[in-house]
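**Student:** could you work out the structure for the sequence below:
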Amino acid sequence: MSQSAYKAITIATTGSGRERIRRSVVPALAIALAASLAGCAGWHSDSVTVGSIPDDYRTNHPIVIAEKNQKIDLPVGAGDRGMTGAQRDSLLGFLDSYDRSAAPTLTIATPVGSANQAAASAASRDFARLAMAAGVKRNRIVMTSYQSAVPEASAPVRVAFVAVRAQTDKCGRWPDDLAETSENKHYADFGCSYQNNLAAQMANPNDLIGPRKQSDIDAENRSAVIDVYRGRGISDEFLGNSEVTY
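**Tutor:** Residues are numbered from 1 along each chain as shown. Got it, this is the predicted structure:
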C-alpha cells in the first residue's frame, strides 16, 4: 500500500469521519493495485520475448519430394564396335529406376568432335535398342548430341531422364568452428548425411507422404500358420524353463 493510502486512513473520524475514510481508502487502494498490476504486466511481456533458432536436423535438412535429373555417363572407347557387356549391365541397372507407367523422356546424348565420335554413335544406337527391350517406349527416346570439350579425348555417352525423387540439400556446410562456440546446439552439418541416406533409400517417395493402401490378406496362408500354432501347443521344454507355474 502506498504512503498516500496510509495518510487517507488517518483522517479524523469525528462526525462523518467513517464515511470520509471509506471514500478515501477505496480510490487509494485501486490506484495501488493498478500500479502493481502494470508492473507485473511489464515484467511478463519482457520474459516471453525470446528468440527461436531451429535446432533439429529434420528442420535444418528437410527431405523434399521434387523432380531430379537421373543420369549415367557410359564410357566408350575409340576402338569399340557397338555396346560392350559392361555397358549393357550398367545401362540395365540404371533403367531399373525408370518408371514405365510415368514414361518420362529418355535422352541419349552422343559426343561430337571427340576422338571416339564414331564408336559413341554406334554404341548410342545399341543403347536405344536395349532401352526399348527394357520397356521404354520408342517415342519416349530422344537421340541428341553435345560438343566434346577436349577433341583429343574420348567422351562418354550420357543417358538421362527426369524422375520424382526424395532429396535434401547438399552436405558439407561448416560456417562455424566447433572449438570456438560454447552453445550446446547442433552444428550446421549435423544430420545432413543421415537425411541424404534416408532420401536415397526411398524407392517410392510417396511413402514419405502417407501409407499405402493395405494389400489383400492371404487367407490360405494365414489358416495354415494358425493350424501349426494350435497343433504345436506349448512344449515341455518351454514349460520347464518358465518361471511361471500354472
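
**Student:** counting neighbours, what do you get for residue 96?
**Tutor:** Residue 96 has 7 neighbours, counted by other Cβ atoms under 10 Å. All C-beta spots, glycine's among them, are computed from the backbone N, C-alpha and C.

**Student:** next up, phi/psi of it, please.
**Tutor:** Residue 96 adopts backbone torsions of phi -60, psi -30, taken as degrees, to the nearest 10.

**Student:** residue 109 contacts residue 141, correct?
**Tutor:** No - at 11.8 Å, residue 109 and residue 141 do not qualify as touching, with contact defined as Cβ atoms under 8 Å.

**Student:** what about the residue nearest to residue 80 when sequence neighbours are not counted, how many neighbours?
**Tutor:** Nearest residue to residue 80, sequence neighbours excluded (Cβ to Cβ, 6 or more residues apart in numbering): residue 119, at 4.5 Å. Neighbour count of residue 119, defined by other Cβ under 10 Å: 20.

**Student:** offset the numbering so it begins at 32, please.
**Tutor:** Sure, I'll start counting at 32 from here, so that last one is residue 150.

**Student:** dihedrals phi and psi, residue 150?
**Tutor:** Torsion angles, degrees, to the nearest 10, at residue 150: phi -70, psi -40.

**Student:** now stretch 220-237: mean pLDDT?
**Tutor:** For stretch 220-237, mean pLDDT is 90.

**Student:** please identify the buried residues of that stretch?
**Tutor:** Neighbour counts over stretch 220-237 (16 or more other Cβ atoms under 10 Å) mark 222-223, 226-227, 230, 236 as buried.

**Student:** and of those residues, the nearest to residue 160?
**Tutor:** Ranked by distance to residue 160 (Cβ to Cβ), those are led by residue 236 at 30.4 Å.

**Student:** on that earlier part again, isn't the residue nearest to residue 111 right next to residue 112, touching?
**Tutor:** Yes - Residue 150 lies in contact with residue 112 (Cβ under 8 Å); the separation is 7.1 Å.

**Student:** what number of residues lie near residue 174?
**Tutor:** 14.

**Student:** what sits opposite it in the beta ladder?
**Tutor:** residue 139 (DSSP bridges).

**Student:** quick one, grab the pLDDT at it.
**Tutor:** Note for residue 174: predicted pLDDT of 96.

**Student:** contact partners for it?
**Tutor:** In this structure, residue 174 makes contact with 139, 141, 155, 159, judged by Cβ atoms under 8 Å, 6 or more residues apart in numbering.

**Student:** if I look at residue 99, how far off is residue 192?
**Tutor:** From residue 99 across to residue 192, the span is 10 Å (Cβ to Cβ, to the nearest Å).

**Student:** who has more neighbours out of the two?
**Tutor:** More crowded of residue 99 and residue 192, by other Cβ under 10 Å: residue 192, with 24 against 13.

**Student:** my guess is the more buried one contacts residue 140. True?
**Tutor:** No - the pair residue 192 / residue 140 is not scored as a contact, 11.8 Å apart, by Cβ under 8 Å.

**Student:** what residue is smack in the middle of this protein?
**Tutor:** Compute the mean C-alpha point of the chain, and by Cα atoms, centre = their mean the closest residue is residue 94, 1.8 Å away.

**Student:** just checking, it touches residue 199?
**Tutor:** Yes - assessed by Cβ under 8 Å, residue 94 is found in contact with residue 199 at 5.0 Å.

**Student:** between these two, which contacts overlap?
**Tutor:** By Cβ under 8 Å, 6+ apart, the residues touching both residue 94 and residue 199 are 226, 230.

**Student:** kind regards, and thank you for your time.
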